[in-house]
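Undergrad: Sequence and predicted structure are below.
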Amino acid sequence: MLTAKNLSKTYGNHTALNRLNLTIQAGEIFALLGQNGAGKTTTINLFLGFISPSSGSANINGISVADNALETKKHLAYIPETVMLYPNLTGIENLDFFSALAGFSYSKEQLKSFLSKAGLQETAHHQDLGGYSKGMRQKVGIAIAIAKNAKVLLLDEPTSGLDPKASNEFSDIIKELSANGTAILMATHDIFRAKEVAHRIGIMKEGNLVSVIDAKDISANELEQLYLQTV
């Protein structure tokens, strides 16, 4: 579902991403670890089409992002560290608006079912987002991904600032989406969350993907040690 082939991004003499080769299958969760500036967000932005590659290609469902940005956006959903939604609209109104932007039309009952599936309590469906916690806003973001029937989910620091309960709830939802066939690329600083939810974990340093590990083959403490040795 997600493929990077010799994907690079340079800014003058600075290489933000250096010849990344990566394939993420349907239903797979791939976590990218690395310090700030390691190339995690650059990778996600290239898959989103927010920036253009200097060389190589980013592909979603076999389609080049650089050549067919609008077509690839139909297949994906994106949840940044801070989910940008309309604070003066309710949860259900935000979901209705963003679903319509993606070309979908749903009944109120269907919209409510998407929000519930994303873990948002029913009492919050008709409350303005201005009163939502970060975890609640993320659940609306997940509901939008469900409503779009997104085959690919891109996450940038999704658990940053969440309390342990909200972080666990988010992990459970991500794993459920994965079980239903969604390919997930998650950039994070959270080593233990990456170990808990990901099938594979990549460690980035100075724009290079320097290690790729099967999560089942390493303990959280071993992963932390490998990360510290790498960065």
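TA: Received the coordinates, thanks.

Undergrad: Let me see the ranges of the strands in this protein.
TA: Using DSSP state E, the strands of the chain run over residues 2-11, 14-24, 29-33, 55-60, 63-64, 76-79, 152-156, 183-188, 200-205, 208-214.

Undergrad: In JSON lines, list the ones you listed along with mean pLDDT.
TA: Output for the strands of the chain, formatted as JSON lines (pLDDT from 0 to 100):
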{"stretch": "strand 2-11", "mean pLDDT": "96"}
{"stretch": "strand 14-24", "mean pLDDT": "96"}
{"stretch": "strand 29-33", "mean pLDDT": "97"}
{"stretch": "strand 55-60", "mean pLDDT": "96"}
{"stretch": "strand 63-64", "mean pLDDT": "94"}
{"stretch": "strand 76-79", "mean pLDDT": "90"}
{"stretch": "strand 152-156", "mean pLDDT": "94"}
{"stretch": "strand 183-188", "mean pLDDT": "95"}
{"stretch": "strand 200-205", "mean pLDDT": "96"}
{"stretch": "strand 208-214", "mean pLDDT": "96"}
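
Undergrad: I'd like these as TSV, with distance to Thr43 and mean neighbour count appended.
TA: Heads up, the C-betas are built off the backbone N, CA and C, glycines and all. Formatted as TSV, the strands of the chain follow (distance: least, CB to CB, whole Å; neighbours: other CB atoms under 10 Å):
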stretch	distance to Thr43	mean neighbour count
strand 2-11	7	19
strand 14-24	6	18
strand 29-33	7	25
strand 55-60	8	20
strand 63-64	16	16
strand 76-79	13	23
strand 152-156	9	24
strand 183-188	7	26
strand 200-205	8	22
strand 208-214	9	16
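
Undergrad: between the ones you listed, which gets nearest to Thr90?
TA: strand 76-79 (19.1 Å; CB to CB).

Undergrad: Scan the chain for its longest helix.
TA: Longest helix of the chain, by residue count under DSSP state H: helix 164-179.

Undergrad: Which residues does it contact?
TA: Contacts to helix 164-179, defined as CB atoms under 8 Å, 6 or more residues apart in numbering, come from residues 27-29, 118-119, 133-135, 138-139, 142, 145-146, 153, 155, 158-159, 162, 184, 186, 190, 193, 196-197, 199.

Undergrad: Likewise for stretch 80-92?
TA: By CB under 8 Å, 6+ apart, the list of residues contacting stretch 80-92 from outside reads 93-94, 97-98, 108, 111-112, 115, 120, 124-130, 132, 134, 136-138, 140-141, 143, 156-158, 160-161.

Undergrad: how about a cut-off of 7 Å?
TA: Contact partners of stretch 80-92, identified using CB atoms under 7 Å, 6 or more residues apart in numbering, comprise 94, 97, 108, 111-112, 115, 120, 124-130, 137-138, 140-141, 156-157, 160.
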